[in-house]
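**Student:** coords please:
(2 chains)
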Amino acid sequence: MMFAKRINKGNSGYFFIAPFFIVFLLFGLYPILYSFYLSLTNWDGLNDPEFIGLANYARAVIDPLFLQSLFNTFFIWIVSVVPQLTISLVLAVILTNKFLKGKDFFRAVYFFPNIVTAASLGLLVSLMFDWQTGSVNQLLMSIGIVDNPFDWKNNALFMQMLVSAILFFQYFGYSMLIYIAGLQGISPEYAEAARVDGASRVQIFFKITVPLLKPIILFQVITSLIGGVQIFDQPYMLTAGSGAPDHATLTSVMYLYRTAFEQGRFGYGATIAFCLFLVIVTLSIVSYLVSRNRSKIS
Amino acid sequence: MKKGAVCALVGALSLSLFVGCSNEDPKDEITIWSFTDEGEYAVEAFLEENPNVKVNFQYIPSSQYETKLRSALSTGIRAPDVFALEAEYVRKFIDHPSLESLTGAPYYADELVEDHYDYIQGIEKDFEGDVRTVAYQGTTGGFYFRRDLAEEYLGTDDPKEVSAMIETWDDVFSIGEKIYEESGGEVRMLPNWNSIGQVQDAIVKEPWVVDNELVIDQAKHDALDLVDQAIETNSLAMLEDWSPGWSSSMQQGSILFYPGPSWYLKFVLQSNAPDTTGQWGLASGPSAFSGGGTFYSVYSGSENKELAWDFVKYYGFDVDFLEGLAVEEQYYTSNRVANEGVADEITSDFLAGQNFFEFFNEESEKVNAVVRTSFDGDINSIFNELLGSYARGNFSSKDAFWERFKRDVKIYFPELTVE
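**Tutor:** Take a look at the predicted model:
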């Protein structure tokens, strides 16, 4: 109470916080509102936008390619996020073991793929899995597993898994670091007490470590889901923008890019963008509600 | 005191703006936007002849170019005086009022384009027949071939004799089958399905869309049959365009023919297979075709239209300049007069001394002039993507192919009638 009296409640504080709000209004809120307006129009980016109401939204909800792109996006995300969160948790537990030597080295090595840009990884994997000259086929042929090169990029499921694998490779080190931070926040006394009571390492992991890490796991799932909805670079580079084969790796943002920037249909592109924005906002609200409920319980 | 200082500062700034404007005559300066740096050669030559002029040539990477150009032309903010357009999307821009009509006074480009090949004129004119964009590049195609392979499997490396051997697709595929068998599968006739697709695309009678309705030309139907035939005869190497395997095959010599436009010689073959000088020839295939091309337009809102037009006119119609471009850069131009003027003196060491200008001059007159629509580039992309999938055996029948094609066109362009 005494402290509050000493705070200067003059208006000059607004001056210091104004830059953030001005930048946010100009580069955050205004583009969101303008893209909503565009989503209600038919606009080629050259002539004046033509207002068409909710027609683009009516089109989007029955557009088989948009729906397929949403399915692809979530499928690729799920296939990548499950091993990503599992393996990174196991690695984090191992790398927080106080008796392990060279922990810092391994932490750096596992984090390394996160530094490489997504586009570079996409291109690298694309070259590795090239039908005739890819190193993977060359290797398989040289050790006699296959006689003829296999057309990897013509297999829909394989390509989806490959995109997931790139995402896994790129982000498991990052997830591991978040887990390590979480694990370091858990008091070692719980584990020591359990060990005194005769609990095995596996029991300690599943009965103590995992439950205490739940908020971190939830955070990881929600943030990776928000990032996952925006998958673009990896499948784009892997398939030279085509989403091959048969649109199997066409993610929603790739579809948005193709519609707006390749075909110059900015109105419908904005509709797709806004639909994705709504998905992300919904997920963020869910995350907020879940974390609020959790704090109430605690 | 404070007020006085502010007034003085504002006054000084205004004065500097005023002085800044008055020092330069805007008529002597233009800004050019392009997605290719080839224009720098023309700018240098243009400046030599016009030393008092200032040209701001801005190269913008292709990935950002179209979007940037759209926003500049629609708002008029910092719009260039002259801008390049690529053949694939030129139809999306050509009818827009921001492209100055160059027909009639004071430009009379409609008279000048008579020197350009018919297929190029088809792209240079809008739907009313007014010239709105000008080409400098001739993009006529031909069948580039490896002379060593031709000698071995066809018994000759003479371009004329080779041309006579591949006058029809049946000829192409029967040779394809022969070389596949004789080489034990090591050598193929063509790199992939696009070799067929691009030639077929040049012989359509109508564009993809007529009166807002999707039209599938017979040449497109035939493309599927030809791909079937090519696969049956093992004529295709199935190396995707621009893939590492495709690039390295040129050096290795595992493919006999590479159908491609004039710019293939310098930008594809010479750059991918620099050690094969003298091992190439250029022949005429089953049909004449063209591929790609860069065009320049004048911005109708420009304050320097006169100078902007001077540059476009120089690049597209100045015979002396174009002859210099052809000789110095071995660059095939859009202009008949220039190409014919230097045809005798231009031979390529890479093509074993073949006079390729003579070849292209003959071939250019045969290229079909189809007026395309704004939809054609995108619908062609859909078709080509599916054609690749078809070649890889992903469709159970041709009907399934066309069903998927129509579905995709309908999804992307709901305003079109698709029967």
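**Student:** Please enumerate the helices of the stretch 151-300 of chain B.
**Tutor:** Remark: helices assigned in the stretch 151-300 of chain B by DSSP state H, counting those that start in this stretch are B:159-165, B:169-182, B:194-202, B:218-232, B:244-252, B:264, B:270-272.
**Student:** So for chain A, which of those helices sits nearest?
**Tutor:** Among the helices of the stretch 151-300 of chain B, the nearest to chain A by C-beta to the nearest C-beta is helix B:244-252 (4.0 Å). From N, CA and C alone the C-beta is placed, and that goes for glycine too.
**Student:** Where does the prediction get shaky in chain A?
**Tutor:** Scanning chain A for pLDDT under 70 picks out the ranges A:1-7, A:291-298.
**Student:** any idea how far the residue nearest the centre of chain B lies from chain A?
**Tutor:** Computing the C-alpha centroid of chain B and ranking residues by C-alpha atoms, centre = their mean puts B:G292 first, at 1.6 Å. Applying C-beta to the nearest C-beta, to the nearest Å, the value for B:G292 to chain A is 17 Å.
**Student:** which ones are touching that residue?
**Tutor:** Residues in contact with B:G292 (C-beta atoms under 8 Å, 6 or more residues apart in numbering or on different chains) are B:E86, B:A87, B:E88, B:T139, B:P261, B:W263.
**Student:** Just the buried ones from those residues?
**Tutor:** The neighbour count (16 or more other C-beta atoms under 10 Å in any protein chain shown) marks B:E86, B:A87, B:E88, B:T139, B:P261, B:W263 as buried among these.
**Student:** show me what contacts the first one?
**Tutor:** By C-beta under 8 Å, 6+ apart, the contact set of B:E86 is B:F35, B:S62, B:G292, B:G293, B:T294, B:F295.
**Student:** can I get the helices of the stretch 151-300 of chain B in JSON lines with mean pLDDT?
**Tutor:** JSON lines is the format used below for the helices of the stretch 151-300 of chain B (pLDDT from 0 to 100):
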{"stretch": "helix B:159-165", "mean pLDDT": "97"}
{"stretch": "helix B:169-182", "mean pLDDT": "96"}
{"stretch": "helix B:194-202", "mean pLDDT": "95"}
{"stretch": "helix B:218-232", "mean pLDDT": "97"}
{"stretch": "helix B:244-252", "mean pLDDT": "92"}
{"stretch": "helix B:264", "mean pLDDT": "95"}
{"stretch": "helix B:270-272", "mean pLDDT": "95"}
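**Student:** So which of those helices is the most surrounded?
**Tutor:** The highest mean neighbour count among these, using mean count of other C-beta atoms under 10 Å in any protein chain shown, belongs to helix B:194-202: a mean of 23.
**Student:** For it, enumerate the helices and strands it packs against.
**Tutor:** Helices and strands touching helix B:194-202, by 3 or more C-beta pairs under 8 Å, 6 or more residues apart in numbering or on different chains; DSSP states H and E, are strand B:141-146, helix B:218-232, strand B:257-261, helix B:376-391.
**Student:** could I get these as JSON lines with distance to B:V187?
**Tutor:** Listed next are the helices and strands packed on helix B:194-202 as JSON lines, based on distance: least, C-beta to C-beta, whole Å:
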{"stretch": "strand B:141-146", "distance to B:V187": "9"}
{"stretch": "helix B:218-232", "distance to B:V187": "15"}
{"stretch": "strand B:257-261", "distance to B:V187": "11"}
{"stretch": "helix B:376-391", "distance to B:V187": "19"}
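**Student:** and B:L47, which of these is closest to it?
**Tutor:** strand B:257-261 (28.9 Å; C-beta to C-beta).
**Student:** That closest one versus helix B:194-202: what angle between them?
**Tutor:** 40 degrees (axes from the mean of the first three to the mean of the last three C-alpha atoms, to 10 degrees).
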